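J.: predicted model follows, preceded by the sequence.
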Amino acid sequence: MPEGHTVHRLAGALTELFSGQRPAVTSPQGRFSQGAERLTGRVALPAHAWGKHFFMPFSHDPAPVSLGDDGPDWLHVHLGLYGSWSFAGDRHFVAEDTIGAPRRRIGERESLGGVSDEWEPPEPRDTVRVRLAHEHGIADLTGPNQCQVLTGSDVRSIVSRLGPDPIRNDPGDRERFTSLVRRRRVPVGQLVLDQAVAAGPGNIYRADCLWRVGIHPLRPGNRVSEARLGLLWDDLVVAMREGVRDGFIQTNPLEFSPSDPADENDRRFAVYHRTGRPCWRCGTPVADSMLAGRRLFWCPGCQH
DNA sequence: ACGAAATGTCTAA
DNA sequence: TAGACCTTTCGTT
């Protein structure tokens, strides 16, 4: 369940755990054996994220590189709908158990941050596509949509097809986003999920950020004012950066007291997965429908 | 046991 | 628009 914030977080975690080292790369499942062989023995360098794409360079020498440089081989991972990384290791190896899908798998609590000296790598599940390993810990990747070794030129070609990433929010991105939306008649809710328009937002940020700025998701892109699209971009930047910081999505702006009876599951989001429940802002029941193959949630009362 | 759904994307028709 | 793909969990028989 990885939207862009998860991938940025992973880039940070894997950089911290493996950059500067020469991890053993294996494919317990066997479907990445060739790639694993190519990467083994090389120095892992700091990883990059752009939208939902993860890139980690593996080089013969430890000199720093930029995203898409020629020279290193690039590990490229797209988690898709349910890919995830799991971590386990000794006390020198600190990471969250699982990043990606909200599940715990290998290396659950008992082997994480465990006792200092006696750590042994756990047996991988038979679905583990890639394992990165060094003496203090392992990272296992399961269920990715894409996992491959690329050249710098391949990487540049992927990145060139991606729109601006709200988590990066580079100069000019705000204007780029608003102009990409305003030149099309497609519903704005569909454009927010188009990775060539904005790289990183998924179904939750789409639904909830549109709600937060009051835009109806079915409004055609060319009929949303420049000003409102600017506010939408700004809100994506804020919400997704909070996701990177916190490690989870918390898009409902309302605060609850610990004793509040509101359903725990219901508190987290604004409209996402809240069909039929009252809008936090106006009380109208939240609606849902399918749009271009994805479930869409919005409040018919206060989004226009 | 079985089916559906899940924070995604691609391809074919 | 439908189906394929990568995997797990959760609800229903």
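T.: Yep, it's here.

J.: can you get me a residue count around the closest residue to DNA strand C within chain A?
T.: With C-beta to the nearest atom of the strand, the shortest gap between chain A and DNA strand C falls at residue A:143, namely 3.2 Å. Heads up, the C-betas are built off the backbone N, CA and C, glycines and all. Look at residue A:143: counted by other C-beta atoms under 10 Å, it has 17 neighbours.

J.: didn't it look like it was pressed against residue A:80?
T.: Yes: using C-beta atoms under 8 Å, residue A:143 makes contact with residue A:80 at a distance of 7.2 Å.

J.: residues contacting residue A:33?
T.: If you count contacts by C-beta atoms under 8 Å, 6 or more residues apart in numbering, residue A:33 has them with residue A:27.

J.: separation between it and residue A:2?
T.: 24 Å (C-beta to C-beta, to the nearest Å).

J.: which residue is the nearest non-sequential neighbour of the residue of chain A closest to DNA strand C?
T.: Nearest non-adjacent residue to residue A:143, counting by C-beta to C-beta, 6 or more residues apart in numbering: residue A:83, 4.4 Å away.

J.: and if you look at residue A:177?
T.: residue A:233 (4.9 Å).

J.: the one you found in helix, strand or coil?
T.: Residue A:233 falls in the helix class when you classify it by DSSP: H, G, I helix; E, B strand; the rest coil.

J.: who touches it in this structure?
T.: A:166, A:173-174, A:177-178, A:198.

J.: re earlier: the residue nearest to residue A:143 contacts residue A:141, doesn't it?
T.: Yes: between residue A:83 and residue A:141 there is a contact under C-beta under 8 Å: 6.9 Å.

J.: any common contacting residues for those two?
T.: residue A:77.

J.: higher neighbour count, those two?
T.: Comparing residue A:83 with residue A:141 by other C-beta under 10 Å, the one with more neighbours is residue A:141, at 26 against 23.

J.: beta partners for that one?
T.: Beta-bridge partners of residue A:141, counted by DSSP bridges, are residue A:85, residue A:130.

J.: how near is it to residue A:3?
T.: Distance, residue A:141 to residue A:3, by C-beta to C-beta: 18 Å.

J.: what does residue A:295 give?
T.: From residue A:295 to residue A:3 the distance is 15 Å (C-beta to C-beta).

J.: the stretch 151-300 of chain A: strands as residue ranges?
T.: A:287-291, A:294-298 (DSSP state E, counting those that start in this stretch).

J.: per-residue confidence at the closest residue to residue A:190 other than its chain neighbours?
T.: Among residues not flanking residue A:190 along the chain, residue A:292 sits closest, at 5.2 Å (C-beta to C-beta, 6+ apart). Here the pLDDT value assigned to residue A:292 is 94.

J.: tally of neighbours for residue A:292?
T.: Residue A:292, neighbours per other C-beta under 10 Å, totals 11.

J.: isn't it up against residue A:194?
T.: No: Residue A:292 is beyond contact range of residue A:194, at 9.2 Å (criterion: C-beta under 8 Å).

J.: now do the strands in the stretch 1-150 of chain A.
T.: A:24-26, A:43-44, A:48-50, A:53-59, A:73-78, A:84-89, A:98-100, A:128-134, A:137-142, A:146-150.
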